[in-house]
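Enquirer: Got a predicted structure plus its sequence, pasted below:
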There are 2 protein chains.
Amino acid sequence: MLIESNDQLVSSGINSESTTLRAQVQEVLRSAILEGRFKAGQKLVERELCELTGASRSILREALINLEASGLIERQSYRGFSVTRIGPRKVKEIFELRAPLETLAAELFTERASDQEIESISEIMAEMEACIATSDLARLRAAKERYYDVLFTGCRNIEIRKALENVIDRIHYLRSQLISDAERRDQSLIEMRRLTSALINRDQLATRQACMDHILSARDAVLRQMAQAQSNS
Amino acid sequence: MLIESNDQLVSSGINSESTTLRAQVQEVLRSAILEGRFKAGQKLVERELCELTGASRSILREALINLEASGLIERQSYRGFSVTRIGPRKVKEIFELRAPLETLAAELFTERASDQEIESISEIMAEMEACIATSDLARLRAAKERYYDVLFTGCRNIEIRKALENVIDRIHYLRSQLISDAERRDQSLIEMRRLTSALINRDQLATRQACMDHILSARDAVLRQMAQAQSNS
DNA sequence: CAACGCAAAATTGTATACAAAGTGGGCCTA
DNA sequence: TAGGCCCACTTTGTATACAATTTTGCGTTG
């Protein structure tokens, strides 16, 4: 069994309200991948995923097809789905797209976000600081996700949001496969502080610079860690 | 029957080599939508599409799910798929994404394209001129598609390409729903000439400006035509 | 005659069965 | 014993059957 298997991942009991079964299964698989519970290149056998999620193949396949569209998994004829392998070249491509896009989103945020959203950003930043102080990494991760959620909502452009979420998911997955580095985490926090401050002040130029720097720095960190992982294996 | 229905769209005979049935069906549906054979908001009934394409529901649904992921169609629970309606607000969102992305692609092209690709661009531009001269709109459309294909290949970034193809497909569909305007076509050609010249000279700054101008001009044309169509109905 | 409600038809969602292709192991042979 | 071939098994691809939901149309009623 590929995953800790005591319980089925989709709680079949209570909370099946308001979202479709399909969406639940897809989200379960997406989370599982993002959390790094599947190795890169690993084959995803439908039967196993069925047992794991409790869903039947119809549902499961729809979910897989959607994940394929998002780039997280890929498919080979009569060979099924497997988790997409991402190499340094792909990382460069992804960041080449992400850098201008996320910067654009941040700039639009400074123009369009509500005061409420500005405040949210500020609050989440404070929470992240607290998480670092207490080394609560799971909560940090959740906070970061909410941070981006507010940012992408505040830019008031669903197209940009969707395009970004796809690339960020893949980077996110990649990160889960690498050893996270405490030093990088500190550096990242510094950059986030700078970005947050720029966003709060609705300072477009500062936002642009902070965002660009942050992303390129993240890119280099990923590439460095990949090279390191490569040489270790 | 919703579409001219003499023959099945997937030629079942000879050319079923090298691509999967699924991919063929999807491409048939995509083309049908892009050519404007379905009205915006129109319901896509699975049974009808099955008869039309000759495929069975399994295949068809996979194709539909993929098209949904690309944004061309949308889905409502127990109400099936329908062609996505695009309003002025959505157009603004799409172009807000497209403008910087396509400009980025063009800039990268000036850095990375092979001499062969530069030449292709030049040739296709000449062909487009010829198409205008002879008013061969179908061929113009095909040439334009090849132009973009070379451009997106030359930028050497598959991520950017995929992101762009999604948005361009939707704009393309939108265009098919509007009355095409001869004046706009001429204006567009002028802009393309300018862009082509900048690309050929690998002049990044000129490329940036030509590309931006072209896209924004296209955007305004679409919005104008939408407003016009609105007032006519 | 309009409006409401119910029932039948149509349509989508889900599950299962069958076909096609790939994978691997064992046996035979050189 | 190494290599290759064949057969059984696994897995995915496709088709079909069944269930849930929506839509439609008719008849009744106020």
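Expert: Arrived safely.
Enquirer: Now the residue nearest the centre of chain A: which helix or strand?
Expert: For chain A, residue A:169 is the residue whose C-alpha lies nearest the centre (Cα atoms, centre = their mean; 3.5 Å). Remark: residue A:169 resides in helix A:158-177, with elements defined by DSSP states H and E.
Enquirer: okay but residue A:202 is in contact with residue A:108, surely?
Expert: No. With contact defined as Cβ atoms under 8 Å, residue A:202 does not reach residue A:108; the gap is 11.2 Å. (Glycine included, C-beta is placed from N, CA and C.)
Enquirer: In terms of packing, which of those two has more residues around it?
Expert: Neighbour count, other Cβ atoms under 10 Å in any protein chain shown: between residue A:202 and residue A:108, residue A:108 has more, with 20 against 14.
Enquirer: so what secondary structure elements neighbour the helix holding residue A:169?
Expert: The elements that helix A:158-177 packs onto, with contact taken as 3 or more Cβ pairs under 8 Å, 6 or more residues apart in numbering or on different chains; DSSP states H and E, are helix A:21-34, helix A:88-112, helix A:137-154, helix A:204-232, helix B:88-112, helix B:158-177.
Enquirer: and with 7 Å instead?
Expert: helix A:21-34, helix A:88-112, helix A:137-154, helix B:88-112, helix B:158-177 (3 or more Cβ pairs under 7 Å, 6 or more residues apart in numbering or on different chains; DSSP states H and E).
Enquirer: need those in a markdown table with distance to DNA strand D and mean pLDDT, can you?
Expert: Shown next, in a markdown table, are the helices and strands packed on helix A:158-177 (distance: least, Cβ to the nearest atom of the strand, whole Å; pLDDT from 0 to 100):
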| stretch | distance to DNA strand D | mean pLDDT |
| --- | --- | --- |
| helix A:21-34 | 11 | 92 |
| helix A:88-112 | 23 | 98 |
| helix A:137-154 | 28 | 94 |
| helix B:88-112 | 23 | 98 |
| helix B:158-177 | 21 | 95 |
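Enquirer: just to revisit the earlier point, what's the spacing between the helix holding residue A:169 and its chain's center?
Expert: Remark: helix A:158-177 is offset 5 Å from the chain centroid, using Cα atoms, centre = their mean, to the nearest Å.
Enquirer: returning to that earlier point: which residue packs closest to the residue nearest to the centre of chain A, ignoring adjacent ones?
Expert: Spatial nearest neighbour of residue A:169, chain neighbours left out: residue A:72 (6.0 Å); criterion: Cβ to Cβ, 6 or more residues apart in numbering or on different chains.
Enquirer: What is the burial count for the one you found?
Expert: Residues lying near residue A:72 (other Cβ under 10 Å) number 23.
Enquirer: now do residue A:85
Expert: If you count neighbours by other Cβ under 10 Å, residue A:85 ends up with 12.
Enquirer: Kindly report the same for the one 3 residues further on.
Expert: Residue A:88 has 12 neighbouring residues, counting by other Cβ under 10 Å.
Enquirer: Contacts only, for the residue nearest to residue A:169.
Expert: A:30, A:33, A:84, A:169-170, A:173 (Cβ atoms under 7 Å, 6 or more residues apart in numbering or on different chains).
Enquirer: what's near enough to touch residue A:80?
Expert: Applying Cβ under 7 Å, 6+ apart to residue A:80 gives the contacts A:43-46.
Enquirer: Show me the beta-bridge partners of it.
Expert: Here residue A:80 sits in beta bridges with residue A:76, going by DSSP bridges.
Enquirer: Repeat that for residue A:43.
Expert: If you apply DSSP bridges, the partners that residue A:43 bridges to are residue A:82.
Enquirer: Run a quick check on it versus residue A:82, I expect a contact.
Expert: Yes. Between residue A:43 and residue A:82 there is a contact under Cβ atoms under 7 Å: 4.8 Å.
Enquirer: Those two: which has the busier surroundings?
Expert: For residue A:43 and residue A:82, the more surrounded residue by other Cβ under 10 Å is residue A:82, and the numbers stand at 18 against 14.
Enquirer: Find me the pLDDT at that one, would you?
Expert: Predicted confidence (pLDDT) for residue A:82: 97.
Enquirer: Distance check, it against DNA strand C.
Expert: 11 Å (Cβ to the nearest atom of the strand, to the nearest Å).
Enquirer: residues contacting that residue?
Expert: A:41-44, A:73-74.
Enquirer: Give me the PyMOL select line for these, limited to the buried ones.
Expert: A single PyMOL command suffices to select whichever of the contacts of residue A:82 are buried according to 16 or more other Cβ atoms under 10 Å in any protein chain shown:
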select buried, chain A and resi 44+73
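Enquirer: of the contacts of residue A:82, closest to DNA strand C?
Expert: Checking those against DNA strand C with Cβ to the nearest atom of the strand, the nearest one is residue A:43 at 9.0 Å.
Enquirer: Can you name the residues that contact residue A:167?
Expert: Counting by Cβ under 7 Å, 6+ apart, residue A:167 touches A:94, A:97-98, B:159.
Enquirer: The contacts of residue A:72: which two are farthest apart?
Expert: Across those, no pair lies farther apart than A:30 and A:84, at 12.8 Å, counting by Cβ to Cβ.
Enquirer: Just give me how far stretch A:196-205 sits from the chain centre.
Expert: 23 Å.
Enquirer: Figure out the length between the terminal residues of that stretch.
Expert: 13 Å (Cα to Cα, to the nearest Å).
Enquirer: Mind telling me which residue of chain A is nearest chain B?
Expert: Using Cβ to the nearest Cβ, the single residue of chain A nearest to chain B is residue A:69, 3.5 Å away.
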